[in-house]
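Undergrad: predicted model and sequence follow; I will ask about them next.
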Amino acid sequence: MSISRRNLLSNAAALSALSAVGWHPSMARAAVGERKFIFFYAMGGWDTTAVFDPHHNSDYVDMEQDTLTETLGNLAFTGGQPRIFTSRFFSRWGNQTSIVNGIDAHSVGHASGRQFAMTGTSASSYPDWPTLLAATGQGDYPLPHIVFSGPNFPGNKGSAVVRAGGGTLLNLIDGSIVGASDMPAPVPSSPADSIVDAFVYDRVANFAGKRGGRAESLISNLDRAMEIEGRRFEAGLSDLGNSMLEQAIKASEMMRLGLSRCAMVGVPGGWDSHGDNTVQGLQFEDFFDALDQLMDHLATTPGLSSPWLIDEVTVVALSEFGRTPLLNGNGGKDHWPYNSALFVGSGVRGNRMIGKTDTGLIAQPIDFKTGLPADSGDMLGAEHVGAAILKLGGIDPESHLPGVQTLDALLKG
Amino acid sequence: MSGAVLVALLASCAPEGENTQPELILLSPREQLIRASVDLRGVHPSEEELLAIEASPGLYADFVDRYIDDPRFIERTREVFNQRFLTRTGSTYGQDPGGATGDQIAAAIGDEPLRLLSYIVDNDLPYSELVLAPYTVASPLLAEVWGLEREAGDGWTLAHYTDGRPEAGILTMNGVWFRYPSMGGNANRHRANAVSKMLLCDDYLSRPIVLNRAAVDQLTIDPEAAISENPGCQSCHATLDPLSAHFFGFFPTDLEDNTFDGVYRPEQEGNWRMYADKEPGFYGTPTNGIPELAAQLSDDPRFIDCAVQTVFEGFTQSSLDDDDWSRFQDLRAAFVDSNQSIRTTVRELVLSDAYRAAGSLDPDLDAQVSGVRVASPAQLSGIISGITGYSWQFNGTDGLLDYGTGLPVLLGGIDGDTVTERSYEPSVGAVFIQERLAQSAAWHVADHDLDPSRSDDARMLAYVTHDSRPDTDAEAFDTQIRSLYLQATGLPLDEDADEPEALAQLWEQLYALEASPTAAWAGVVSAVLRDPRVLTY
């Protein structure tokens, strides 16, 4: 007997029959084999030349002192003494890494640039990549897209998004918030909670069957909430972590357990470096140090449906735009409409530089199949990169971004 | 009878004298009134009101008028327009006059534009007063923060800035320009775009930039020249920069980083010459200062469209699209004909058949009008408090309204800063919040109502006592559980509903576990408060 939650909702009367065969929400499991995604986001606009797009030979780009262009296989990045952790990361994981340069950000405003980078559009009704992947994947996940920190554009798929919200989400899950208010109440015991949950579930399912739409989101998420409550100890949901690395590892654990498909983790730091661009290199070092440790974790942790998590998790790092080639009068760099992105892990064609900027840090047209510069090619935009992300996640980009080419060069096989 | 009422029955339910669109399936009279009450006041109607509308559906318009006159309607308009203005951010912007908490200061600053809107709505003034008003409004605390001259009286009264600034409502408020700062080379463009977003519903930053290679090269070498000359740049900057030029009194060029300090400097109004060198103007028409800008703005048809769009989207929980054209035009006509009355416009919307519809037999129309509304954090707080008397307070503030708790955003609300769009899809966070709030409120109901020494009225459990048991007091349990549903959802259970029996069994299971009638009733009440019709309407 094959029962999906969505089928269930189409016929609330089936509930009693399901009860008879012992159906429980936790039977709704993540589709095995479905790729998961950890997104990192550097809020404020990173300097692409600080790592991804070295221009040490250009007179039109101010590069950080003491850095140099390092090459590893096909990869070229800004390395040298100030980039010890960055170099280590590429030396260890470069064969699974693609760097994408010369992405047209379509904006130099923070909010709109963020929206383009995350959704490929400027329309507020469009969900961002992780939300879309989580909402339209094959699996049912209790916490489909968990936002630890960083941006989120839920669009019309808000029911798939759960914001960690400091510790509040955990207090809600374990019920401790009931005892923490100014007029506290006893936290219901687990058995009592479960009995009430079962009653409520039946009522909400009936309501969803009659009203559809948002009411269906309610039952889907009640289902998810019950599963999370039941599995919170298994998932280690007593602590979502404080640092970027802790949160990313927690995200990977939730993916291993089939609790989440996507996660968003903000990259710490003041990336909007108008006043002092030297922060960029330091922040990238911290980021790559943590990313190296995360990859270690993914490579040594059994996956949900693959030998190791690294075989089923894709790591994506984004920011809203790049920064000007030259330093301004304050030693900072301002907003620049050409951007870069980093992809590592499952499904990514590794050891690959995709896209190109010229000596003035201006994007060149490329062939989307090879990722190489081509006079007859097309300009690469945030939407093309997003289409590749969707394709990595098993979603036909055409269904979401009609007419938008996919950056196939990014995809393995 | 619950749920939608079929078309065939509409004639008996529709308010007399009103034409209903025959293809619409209206909500039952009770459900219509619940929707209107939650939208207009943020609480459920009383049972007396629901009985009245059930007996006389034609009273719907009278109730709507009453609700629009309710003081709580004013706060609902503030909540709806804050989704457009985004000034409630919880930030104090570094202000601390002493004697007030940070939350109080932040609330005062963030509410300045919304309280002016309240004044306009309360006095049924034209919406254009929002930019034309030669005054602001202030609470005693806000007056102290900004050093305003404030008229005597309690609460928010008319007030004036004393630093020589021209006064033009929302366009000259400190709270607005702290929320939308501009510094360095940005030269007030962020502020100009804020005006466009808030008052014209037109976000320059949502326009894709299409720049050719020559434009990019020019931007690299001489950005100001590119902005002034390149057609790709001019597509935005031709109108953005003249708009920006109005606000240099708020842009202290004598400070190192141009950070606004709350002081308007009339002598710096002409400093636009130092930046883009575009004279103040509004879409091609030169202006002489902010009051003239305000006049131009209020004459722009988009100003009217934007106000109506905000009302439409805020009170229907849907994004305006082409399919809504006809409804939008009706609403716009009501707005214009009423001299830009927000009250009249909201009334027109709430009285419309589409607003009162549960769905339609026509699939296209059904897609526009069907679906439940989801309570905002403020509405859920009001609903639960109205039903149970319980408020979920943390450190003296309502947890559902305090951004610091994280609860508003988890429930789908906004924080005005990092989360600026409401999510109307109930998420896992919303489910957990309803569950935990229901448990908290239910315990206090049971603890209070079952107290043998209680001298005041029961909050919800009026038909049972600490000693009632399902096997010996079956009738009392049945009556009590039916009453709980009626109180919590505003909708009576059907005669043959299985909830009374199921909840009596639930009570017994909980009692067997906890050996406490209070805990058992708390569980039952929490189950009722978790009914989807409490979170939705």
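TA: Looks like it arrived, so ask away.

Undergrad: how about the strands in chain B?
TA: B:24-26, B:136-138, B:149-150, B:157-160, B:281-282, B:285-286, B:357-360, B:393-394, B:397-398 (DSSP state E).

Undergrad: kindly report the same for the stretch 251-400 of chain A.
TA: A:262-266, A:313-319, A:322-323, A:335-336, A:338-345, A:352-354 (DSSP state E, counting those that start in this stretch).

Undergrad: which one of the ones you listed lies nearest to B:L205?
TA: Closest approach to B:L205 among those (CB to CB): strand A:335-336, 11.8 Å. Backbone N, C-alpha and C define where each C-beta goes, glycine included.

Undergrad: that closest one - which strands sit beside it in the sheet, and in what orientation?
TA: Partner strands and pairing direction for strand A:335-336 (DSSP bridges) are strand A:322-323 (antiparallel).

Undergrad: so how far is the strand it pairs with off the chain centroid?
TA: Centroid separation between strand A:322-323 and its chain, computed with CA atoms, centre = their mean, to the nearest Å, is 21 Å.

Undergrad: what mean pLDDT does it get?
TA: Averaging pLDDT along strand A:322-323 gives 96.

Undergrad: just name the most buried of the strands of the stretch 251-400 of chain A.
TA: Highest mean neighbour count among the strands of the stretch 251-400 of chain A (mean count of other CB atoms under 10 Å in any protein chain shown): strand A:322-323, with a mean of 30.

Undergrad: quick one: the helices in chain A?
TA: A:5-10, A:14-20, A:84-93, A:110-119, A:129-136, A:168-174, A:190-211, A:214-231, A:244-256, A:278-300, A:382-392, A:397-400 (DSSP state H).

Undergrad: is it possible to get CSV of the ones you listed that adds distance to chain B and mean pLDDT?
TA: Shown next, in CSV, are the helices of chain A (distance: least, CB to the nearest CB, whole Å; pLDDT from 0 to 100):
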stretch, distance to chain B, mean pLDDT
helix A:5-10, 13, 37
helix A:14-20, 11, 37
helix A:84-93, 27, 98
helix A:110-119, 4, 89
helix A:129-136, 10, 95
helix A:168-174, 4, 89
helix A:190-211, 4, 94
helix A:214-231, 4, 88
helix A:244-256, 13, 94
helix A:278-300, 17, 98
helix A:382-392, 10, 97
helix A:397-400, 17, 91
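
Undergrad: out of those, deepest packed?
TA: The stretch of the helices of chain A with the highest mean neighbour count (mean count of other CB under 10 Å) is helix A:129-136, at a mean of 26.

Undergrad: which other helices and strands does it contact?
TA: If contacts are counted by 3 or more CB pairs under 8 Å, 6 or more residues apart in numbering or on different chains; DSSP states H and E, helix A:129-136 sits against strand A:36-42, strand A:145-147, strand A:262-266, helix A:382-392.

Undergrad: what packs against the first one?
TA: Contact partners of strand A:36-42 among helices and strands, from 3+ CB pairs under 8 Å, 6+ apart: helix A:129-136, helix A:244-256, strand A:262-266, helix A:278-300, strand A:313-319.

Undergrad: over to the longest one?
TA: Using 3+ CB pairs under 8 Å, 6+ apart, the elements in contact with helix A:382-392 are strand A:97-104, helix A:110-119, helix A:129-136, helix A:397-400.

Undergrad: pretty sure A:N95 is touching A:G73, no?
TA: Yes: assessed by CB atoms under 8 Å, A:N95 is found in contact with A:G73 at 6.9 Å.

Undergrad: overlap of the contact sets of these two?
TA: Common neighbours of A:N95 and A:G73, using CB atoms under 8 Å, 6 or more residues apart in numbering or on different chains, are A:N351.

Undergrad: so how many other residues sit close to residue 375?
TA: In the absence of a named chain, chain A is used. A:D375 sits with 7 neighbouring residues when counted by other CB atoms under 10 Å in any protein chain shown.

Undergrad: sorry, should have said chain B
TA: Neighbours of B:A375 using other CB under 10 Å come to 26.

Undergrad: what sits closest to it if chain neighbours are left out?
TA: B:L535 (5.6 Å; CB to CB, 6 or more residues apart in numbering or on different chains).

Undergrad: kindly report the same for A:D378.
TA: Looking at A:D378 with CB to CB, 6+ apart, the closest residue is A:P365, at 5.7 Å.

Undergrad: same thing with A:S260?
TA: Per CB to CB, 6+ apart, closest to A:S260 is A:M254, 4.1 Å.

Undergrad: so does stretch B:164-182 get close to chain A?
TA: No: between stretch B:164-182 and chain A, judged by CB under 8 Å from any CB of the partner chain, nothing touches; the nearest distance is 11.5 Å.

Undergrad: please report how far A:A299 lies from A:L291.
TA: 12 Å (CB to CB, to the nearest Å).

Undergrad: ok, A:A387 next?
TA: A:A387 is 24 Å from A:L291, by CB to CB.

Undergrad: same thing with B:D321?
TA: For B:D321, the distance to A:L291 - CB to CB - is 41 Å.

Undergrad: which stretches of the stretch 201-350 of chain B have low pLDDT?
TA: B:208-213, B:216-217, B:219-221, B:256 (pLDDT under 70).

Undergrad: tell me which parts of the stretch 251-400 of chain B are close to chain A?
TA: So the stretch 251-400 of chain B meets chain A at B:319, B:370-372, B:374, B:390, B:392-396, B:399 (CB under 8 Å from any CB).

Undergrad: mind redoing it with 7 Å?
TA: Residues of the stretch 251-400 of chain B found near chain A (CB under 7 Å from any CB of the partner chain) are B:319, B:370-372, B:374, B:392-396, B:399.

Undergrad: of those, buried ones?
TA: Buried subset of these (neighbour count, 16 or more other CB atoms under 10 Å in any protein chain shown): B:370-372, B:374, B:392, B:394, B:399.

Undergrad: kindly reformat the residues you listed as a markdown table and extend each row with pLDDT.
TA: Below are these laid out as a markdown table (pLDDT from 0 to 100):
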| residue | pLDDT |
| --- | --- |
| B:S370 | 86 |
| B:G371 | 87 |
| B:V372 | 93 |
| B:V374 | 96 |
| B:W392 | 98 |
| B:F394 | 96 |
| B:G399 | 96 |
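
Undergrad: now for the residues you listed, which pair is the farthest apart?
TA: It's B:S370 and B:F394 that sit farthest apart of these, by CB to CB, at 36.4 Å.
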